[in-house]
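[1] Please work out how this folds:
(chains A, B and C)
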Amino acid sequence: MTVDRRGFFKLAGLGALGLAGARSLPVLGNPLPSPSPPESGPPSGVRWGMVVDLRACLHDEGCQDCILACDHAHNIPQLPDRKHEVKWIWKDPYEEVFPMQAHEYLEDALRGHPALAFCNHCNNPPCVRVCPTKATFRREDGLVMMDWHRCIGCRYCIAACPYGSRSFNWVDPRPYIEKIDPEFPTRTRGVVEKCNFCDERLARNEQPACVAACRNGAMTFGNLADPTSTVRLLLKSRYSIRRKPALGTHPEVFYLV
Amino acid sequence: MFEKALSGNRGYWGWIFFLLAVIGVGFVCYLKQLTTGLGITGMSRDVSWGLYIAQFTFLVGVAASAVMVVLPYYLHNTKVFGRITILGEFLAIAAVTMCLTFIIVDLGQPGRAFNIILHPTPHSILFWDMVVLSGYLLLNVVITHVTLDAERTGEAPPKWIKPVIILSIPWAISIHTVTAFIYSGLAARPFWMTAILAPRFLASAFSSGPALLILFCLILMRFTRFDPGWEAIQKMALIVTYAMLANIFFILMEVFTTFYSDIPEHLAHFKYLYWGLDGHHELVPFMWASAILAVFSALVLVNPKLRMQRSWLRWACLAVVASVWLEKGLGMVVTGFVPSPLGGVTQYLPTLREVLITLGIYALGALMITGFYHIALAVRGELRSASPS
Amino acid sequence: MYDGGKIITGLLVFLILVTVPVWFNAATHAQARAPQLKLPEGATACVEPTAEMRATHMELLNRWRNAAVRSDERFFTMPDGKVYEKSLSLTCLKCHDNKEEFCDRCHNYLAVSPYCWDCHVEPKGGRS
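    Residues are numbered from 1 along each chain as shown, chains lettered A, B, ... in the order given. I've put the predicted structure just below:
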C-alpha cells in the first residue's frame, strides 16, 4: 500500500513539474491509491521533503496563495500585535532567509525579493534535541511534529531553532481566527506551534495545503528516499541550496535558484 | 525549630508584612498571566525569553556561590567561615526556590510542568537542569537542617552529614554548568554558543554570590548581635576579588574572539549590546553601566587598603552585584535573541505586570532568607532582644 | 500535651466544617440524580461496549491521541471489519454531535473539566 501512496505523489509531482516547465521525464506512473484507508503507521522507506523553486515563486511576488491556504487549513490566528504573531509559512526578503548566501552584488532578481520560509523538518532537528518532554519529535518519515497535548510552553525549541520557524501562543488564539475549520484543532494559549508538513493531509493521501494551492508550480513535495521521486529528479537536474547548511541540521526543504 | 521564625520585634514583623504585600501584588499579577497568557509580558515571537529566564540564570549563580564558603570550611579547614557557612546554605535554598519559581512562571502551560518528569528526556538540557536544581535544593535543606539542629542541641552533627556536604560542592558547580549548557549548546544563537559561557557563569556567580553574602553579613551586624568576624568577611572579600577579576578576564576573552574573528553573525549581538543595532539602544546604557561598575569594583577590591575598609568594601560589593545582575539578569538572555535568526531586531521591554511578578518572586526569596537567618540567629541566641534603633 | 483543649476543639470545628455538605444533604433529603445523557439517534453501537466506554473512554482517547499524533497510526478496524479514524473530532463527535447533552452533562456532574475543547472544535450541537 505504501507504494501506492508514493505513486500518488509521483503523479502529483509530475503535474507540478509540467507547470514549472521542466524537461520531459520518464513516466513514473503507478496506479492511484485505492480508496480504502491506508495501513496504520508510517510507511517505511519514506522521508518526506520539499523542493521550492525560488524563481517560479518570484514570478508572482504578490501571491499569497500558499500562505492563505495554510492559514485556513490550520486555523492560524491573525493577531494584530506583530509581537504575538503566529505563522507557519511566510515570505521574507531573500537576504534574511538565506543570510549566508547573500552578498552585496547579488543579482537583482533575488535582492530584496521575498523567499518562502517555513519549518525545514530537519533531519537533525535542534528543536527536538532540546525539548524536555518530547512534545516535539521527529517521525520516522522525517516529519518534525508537535504534540500540543504535551507541550509545557517552555519555548526552549524557539531558542534552538536557527530558522525562526516556531511561534508561541502568547494569548488565546481563537478570537483571532477568521473562520475556524472544525476538522483541525485550534491551539490553546501557552503552547508552541509550527508547520507540520500537513501530516493530517498526508494521512489522507493529499498534498500539503501550500503545495496544492500554489498556482505557479513552485512547490514540490515528495519522498526523498525514493531516487525516482519528483523531488529527487528535480534536485538531480537543478542547482539547489538549503538554509544555513553549516549548522548541520540537514534541512529537508530545498530551494532551487 | 520553625517556631523561632514566629517571634520577633516590630521591625521584623513590619519587614515580613512588607514582603508579604509585595508577594501578594506579584501573585495577583501572576493570576492575570495565568488566565490571559504570557502575552501580558513584553516577550514576543522573536524575543521569546525575557526577564523571568534571566533572573533564573542570575539566581542559579547566587545559589551555586554557597560553595565558596562551604568549600574552604570543609575542605581547607578555614575555621573563620564556621559562622557563615549556614548563611551561604540558606541563601542557596532561597535562590534555588526563586529559580524554580521563575521557571514555573515562565511556562506557557504550568499545569503540565510535571510532563518533564512524566516523559523524562535525557537529551534535553532542561531535563538535567531540573534534576540538578531539585537535587541541590534537597541537599541544602538536609544540610542546613541537620547542622543547625546539632547546634541547637549542642551536639556534634551526625557523621553521615559530612559526605553529603562534600557532595554538595561539585553539585553546586554542576547547577551553574548545566544552566550554561542550556544556552551554550544552541547553534541557532551565536551569542550564547561559546565554550567559555559555563566558566563565565561560574566566575560571575562566585563574585556576586559572596558579595551578596558580605552585604547580608553587614546588614545582620547592624541589626543583630551576629558577628561573623572581620577575618571571615575579609576572606570572602578576597574570593570576590579573584572571582571578579576572572569574570572580567573571561568577558574580555569573549570580546577578543568576537571582534578579531569578525564574523558578522557573532558581532551583531555585541553591537546590539554596547552600541545598539538598527536604531535600538535599549540595553546600551545598562551594559556600559555594568562594565563601569565591574571596573570600579575590581579597582577597589584589588587595593588591600580599600578592601579592608568597611565603607569601601560595601560599595565594591554593591557594584559587583549590580554589575553581574545587569550583565546576566538583563543583557545576556535577551541579546541571544537580538538580532533574530532572520536578522530582525525586536525591542524587548518588560511590562509593569512582568516586573511586579519578578519583584514578587524576589520578595518570596527575601522572606525565606529573613526567616532562615532569623531562625539561625535565634538558635545561636544572637538576636537582639531590644527593638532596633 | 500543650494546649490540648484548644487543639481538640479546633479539630472538632474542622471536622464539622468539612462534613457540612453531608449533614446538609441528609437534612434536606437531597438526592443525587445521575445525569441523563443524550445518545446519538440512529447509531446502535460505539467502538466499545457502553459500560467499557463509560468507565474508560478517557484512556481510550489518550491512547488514540498518542497513536494518531505521535505514531501516525490513525485507523483501527472493528471486529466486524468497519474501519474508523482515531479522531475525537472526526469520529467520536460525528455520532455524539451534542456536546452539551452528552459530554458536559456527565463531566459537570462529576466536576471534571477536560481541556479537550481548548483546542478541538466542538460540534454545532443538535442535528440541524
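[2] B:Leu277 is in contact with B:Ala268, correct?
    Yes. Assessed by Cβ atoms under 8 Å, B:Ala268 is found in contact with B:Leu277 at 6.4 Å. For glycine as for every other residue, the C-beta is placed from the backbone atoms N, C-alpha and C.
[3] what's the burial count for the residue lying closest to C:Val121 once chain neighbours are set aside?
    Spatial nearest neighbour of C:Val121, excluding adjacent residues (Cβ to Cβ, 6 or more residues apart in numbering or on different chains): A:Pro182 at 4.1 Å. Neighbourhood size, A:Pro182 [other Cβ atoms under 10 Å in any protein chain shown]: 15.
[4] which residues do B:Ala268 and B:Leu277 both contact?
    Counting by Cβ atoms under 8 Å, 6 or more residues apart in numbering or on different chains, the residues touching both B:Ala268 and B:Leu277 are B:Pro339.
[5] which parts of chain C sit against chain A?
    Within chain C, the positions near chain A by Cβ under 8 Å from any Cβ of the partner chain are C:65, C:67, C:69-76, C:83, C:85, C:89-90, C:115, C:118-121, C:123.
[6] same deal with the stretch 1-150 of chain B?
    Counting by Cβ under 8 Å from any Cβ, the residues of the stretch 1-150 of chain B near chain A are B:36-39, B:43-46, B:48-49, B:103, B:106-110, B:112-113, B:115-116, B:118-119, B:121, B:123-127, B:130.
[7] Quick one: buried ones out of those residues?
    Taking 16 or more other Cβ atoms under 10 Å in any protein chain shown as the criterion, what is buried in these is B:37-39, B:43-46, B:48-49, B:103, B:106-110, B:112-113, B:115-116, B:119, B:121, B:124-127, B:130.
[8] got the contact list for the residue in the stretch 251-389 of chain B that chain C sits nearest to?
    Nearest to chain C, among the residues of the stretch 251-389 of chain B, is B:Ala378, at 19.4 Å (Cβ to the nearest Cβ). Contacts here follow Cβ under 8 Å, 6+ apart; on that basis B:Ala378 touches B:Lys4, B:Ala5, B:Ser7.
[9] Can you tell me how far the residue nearest the centre of chain B is from chain A?
    The residue lying closest to the centre of chain B (Cα atoms, centre = their mean) is B:Leu59, at 2.4 Å. Using Cβ to the nearest Cβ, to the nearest Å, B:Leu59 is found at 17 Å from chain A.
[10] and if you look at B:Gly88?
    30 Å.
[11] Doesn't that residue lie inside a helix?
    Yes. Counting by DSSP: H, G, I helix; E, B strand; the rest coil, B:Gly88 is part of a helix.
[12] Neighbours of it, how many?
    For B:Gly88, using other Cβ under 10 Å, the count is 27.
[13] for C:Ala32, same thing?
    For C:Ala32, using other Cβ under 10 Å, the count is 7.
[14] For it, give me the backbone phi and psi.
    With angles defined as degrees, to the nearest 10, C:Ala32 sits at phi -70, psi 140.
[15] How about the contacts made by it?
    C:Ala32 touches nothing, counting by Cβ under 8 Å, 6+ apart.
[16] Neighbours of the closest residue to chain B within the stretch 51-200 of chain A, how many?
    Here the stretch 51-200 of chain A gets closest to chain B at one residue, A:Gly153, 2.0 Å apart by Cβ to the nearest Cβ. Residues within reach of A:Gly153, counting by other Cβ under 10 Å, total 23.
[17] For it, which non-adjacent residue is spatially closest?
    Nearest to A:Gly153 is B:Gly108, by Cβ to Cβ, 6+ apart, at 2.0 Å.
[18] ranges for the helices of the stretch 151-300 of chain B?
    In the stretch 151-300 of chain B, the segments counted as helices under DSSP state H, counting those that start in this stretch are B:161-184, B:197-223, B:230-261, B:264-274, B:284-302.
[19] Tabulate these in TSV, adding columns for mean neighbour count, mean pLDDT and distance to A:Ser240.
    TSV is the format used below for these (neighbours: other Cβ atoms under 10 Å in any protein chain shown; pLDDT from 0 to 100; distance: least, Cβ to Cβ, whole Å):
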stretch	mean neighbour count	mean pLDDT	distance to A:Ser240
helix B:161-184	19	95	32
helix B:197-223	23	95	35
helix B:230-261	18	95	29
helix B:264-274	18	93	23
helix B:284-302	18	96	41
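[20] Next, format those helices as a markdown table and append distance to A:Asp141.
    Output for the helices of the stretch 151-300 of chain B, formatted as a markdown table (distance: least, Cβ to Cβ, whole Å):
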| stretch | distance to A:Asp141 |
| --- | --- |
| helix B:161-184 | 30 |
| helix B:197-223 | 36 |
| helix B:230-261 | 40 |
| helix B:264-274 | 32 |
| helix B:284-302 | 46 |
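[21] would you list these in a markdown table and tack on distance to chain A?
    As requested, these are exported to a markdown table (distance: least, Cβ to the nearest Cβ, whole Å):
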| stretch | distance to chain A |
| --- | --- |
| helix B:161-184 | 7 |
| helix B:197-223 | 14 |
| helix B:230-261 | 15 |
| helix B:264-274 | 7 |
| helix B:284-302 | 21 |
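[22] Which among these is found nearest to A:Gly164?
    helix B:264-274 (13.9 Å; Cβ to Cβ).
[23] ok, residues contacting that closest one?
    Under Cβ under 8 Å, 6+ apart, the answer for helix B:264-274 is A:99, B:190-191, B:255, B:258-259, B:277, B:280, B:283-284, B:287-288, B:331, B:335-336, B:338-339, B:345.
[24] For the closest residue to B:Ala291 other than its chain neighbours, which residues are in contact?
    Of all residues not flanking B:Ala291 in the chain, B:Ser323 sits nearest, at 7.7 Å (Cβ to Cβ, 6+ apart). Going by Cβ under 8 Å, 6+ apart, B:Ser323 touches B:Ala289, B:Ser290, B:Ala291, B:Leu293, B:Ala294, B:Ser297.
[25] List the buried residues of the helix or strand that B:Ser323 is a member of.
    If you go by DSSP states H and E, B:Ser323 is part of helix B:310-326. Neighbour-count burial for helix B:310-326, counted by 16+ other Cβ under 10 Å, picks out B:312-313, B:316-326.
[26] pLDDT added to these, as JSON lines?
    Shown next, in JSON lines, are the buried residues of helix B:310-326 (pLDDT from 0 to 100):
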{"residue": "B:Trp312", "pLDDT": "95"}
{"residue": "B:Leu313", "pLDDT": "96"}
{"residue": "B:Ala316", "pLDDT": "97"}
{"residue": "B:Cys317", "pLDDT": "97"}
{"residue": "B:Leu318", "pLDDT": "97"}
{"residue": "B:Ala319", "pLDDT": "97"}
{"residue": "B:Val320", "pLDDT": "97"}
{"residue": "B:Val321", "pLDDT": "97"}
{"residue": "B:Ala322", "pLDDT": "97"}
{"residue": "B:Ser323", "pLDDT": "97"}
{"residue": "B:Val324", "pLDDT": "97"}
{"residue": "B:Trp325", "pLDDT": "96"}
{"residue": "B:Leu326", "pLDDT": "96"}
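[27] Can you get me a residue count around residue 54?
    No chain was given, so I picked chain A. Neighbours of A:Leu54 (other Cβ under 10 Å): 21.
[28] Correction: the question concerned chain C.
    12.
[29] Can you verify it is assigned to a strand?
    No. C:Arg54: not assigned to a strand; according to three-state DSSP it is helix.
[30] Any figure for the gap between it and C:Asn62?
    Going from C:Arg54 to C:Asn62 by Cβ to Cβ, to the nearest Å gives 16 Å.
[31] quick one, what contacts residue 160?
    As the question left the chain open, I've gone with chain A. A:Pro126, A:Cys127, A:Arg129, A:Val130, B:Leu186, B:Ala188.
[32] which of the residues you listed lies closest to C:Gly10?
    A:Val130 (50.2 Å).
[33] ok, now which ones touch the closest one?
    With Cβ under 8 Å, 6+ apart, A:Val130 has these contacts: A:Tyr156, A:Cys157, A:Ala159, A:Ala160, B:Ser124, B:Ile125, B:Leu126, B:Gly185, B:Leu186.
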